[in-house]
Each structure stands twice: as C-alpha cells, then as structure tokens.
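Student: The sequence and its predicted three-dimensional model are supplied below.
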Amino acid sequence: MKSAGVIGLIVVVIVALIFVAWYINGLNKVVRLHEAVNERWAQVETMIQRRNDLIPNLVNTVKGYMTHERELFEEITRLRSQWANAKTVEEKIENARTLDAALSRLMVVVENYPELKASENFQTLQAQLEGSENRIAVERKRYNEAVKAFNTYIQEVFGKFFAKRRGLDKPAPYFEAAPEAKKVPEVKF
C-alpha cells in the first residue's frame, strides 16, 4: 500500500511539474513574440530614418532644377518632420505611407527633367534612396511576419489565455501599403 501511495504522489508531482512548465512556457512565448514584433518595428524605423536622412539632400538637389514644384517639396519636408512627432506605430505607419506616395510623385516629376536625371549627384542620391526603399521593404516584410506570428498566437485558445495574463492581448498593426499606392501618380505642369 505504501508503494502505491508513493507512486501516486510521484505521478501527481510529475503532472504538476508538466503543468507548471507548460504555463511558464506559454507566458514566455507571448512575450518572445511581442518582443520580436518590437524588434522588427525598430528595424523598420531605422531604415525609414535612414531614408528620411537622405531626403533633404535629394530635395535640395532636385530644387536646383525645379522651382515650380515647391508645393511637393514642402509636403515632403512636412511629412519628414511629422515622422519624428508620431507617437504610435499606427501614426508612424500612416506617415510612412503618405511619404512613400509623395516620394513616388517626386520621382515621376524628375522624369521630366533629363538634365537632372543625368546629374551625377542626383544619380548617387537616387541610388541611395532606392537602396533605402529596398531595405525598408525587407524590414516591413519581416515586421509583418512577426506581427502575423504574434497576432495568430494571441487569437489561439491557449495563446489568448497567456496573452491576457501578460496584458499583451491587443493585436499589433500590419504595415500595409496605403490604398493610394495603387494609383499612378499624376503630375501636372
């Protein structure tokens, strides 16, 4: 009889240890996924900041060739400064989308200035900007992958349970292209 009681106690202890390990792992997993989202967002911000640092040089180079595009230059400058003032990820995503559209319009305008396109300074800046845009696209993709993993987990039965325990049950926002990005920019002279 004593050995049956000891075996029963051992089974209860093993089951309890398995439950505790499962519970701790669940709590830690939601934190790891949330931190992956934060890390990926930081990478997106770093790449967008790199692009934002290039924009004044690009705009100043282009300004020398075009004086009647002042409204577009002012919009790009305004949007660039709004990035620094955005407080939430959602605000930064919206600002980045709007800035993307303005930069696309700038590149369409540049197409009408062959002497600008031939400028070595402009070509260098454009190549750097294109490189930044590619880096941003890669980091956006990685961020969205991390968001997908996190959002999926917090919607699963046990994931939702653990996310609520950690206060991390709010889905992270995806970084999607703005609806205006599907439209071809219109340039009027």
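Tutor: Cool, got the structure. Everything quoted here is computed from the prediction, not taken from an experiment.

Student: Now the element after the helix or strand containing Ala127, going C-ward?
Tutor: According to DSSP states H and E, Ala127 maps onto helix 120-155. Next helix or strand after helix 120-155 toward the C-terminus (DSSP H and E): helix 157-166.

Student: Buried residues of that next one, list them for me.
Tutor: Buried residues in helix 157-166, counted by 16 or more other C-beta atoms under 10 Å: 159, 162-163. Heads up, the C-betas are built off the backbone N, CA and C, glycines and all.

Student: from the residues you listed, which is closest to Val11?
Tutor: Phe162 (25.8 Å; C-beta to C-beta).

Student: any idea what sits nearest that closest one, other than its immediate chain neighbours?
Tutor: In space, and not counting its chain neighbours, Phe162 is closest to Gly26: 4.0 Å by C-beta to C-beta, 6 or more residues apart in numbering.

Student: How about the contacts made by the one you found?
Tutor: Shown in contact with Gly26 (C-beta atoms under 8 Å, 6 or more residues apart in numbering): 158-159, 161-162.

Student: What segments of this structure are strands?
Tutor: Taking DSSP state E to define them, one finds no strands in the chain.

Student: in it, which spans are helices?
Tutor: All helices of the chain, identified by DSSP state H, fall at 2-63, 70-85, 89-110, 114-118, 120-155, 157-166.

Student: With respect to burial, which of those helices scores highest?
Tutor: Comparing the helices of the chain by mean neighbour count (mean count of other C-beta atoms under 10 Å), helix 89-110 ranks first with a mean of 18.

Student: Quick check: mean pLDDT of it?
Tutor: Helix 89-110 carries an average pLDDT of 82.

Student: go on, stretch 4-11?
Tutor: Averaging pLDDT along stretch 4-11 yields 88.

Student: Report the distance from the helix holding Ala127 to the chain centre.
Tutor: Mean C-alpha position of helix 120-155 versus that of the full chain (C-alpha atoms, centre = their mean, to the nearest Å) differs by 7 Å.

Student: Understood, closing this out.
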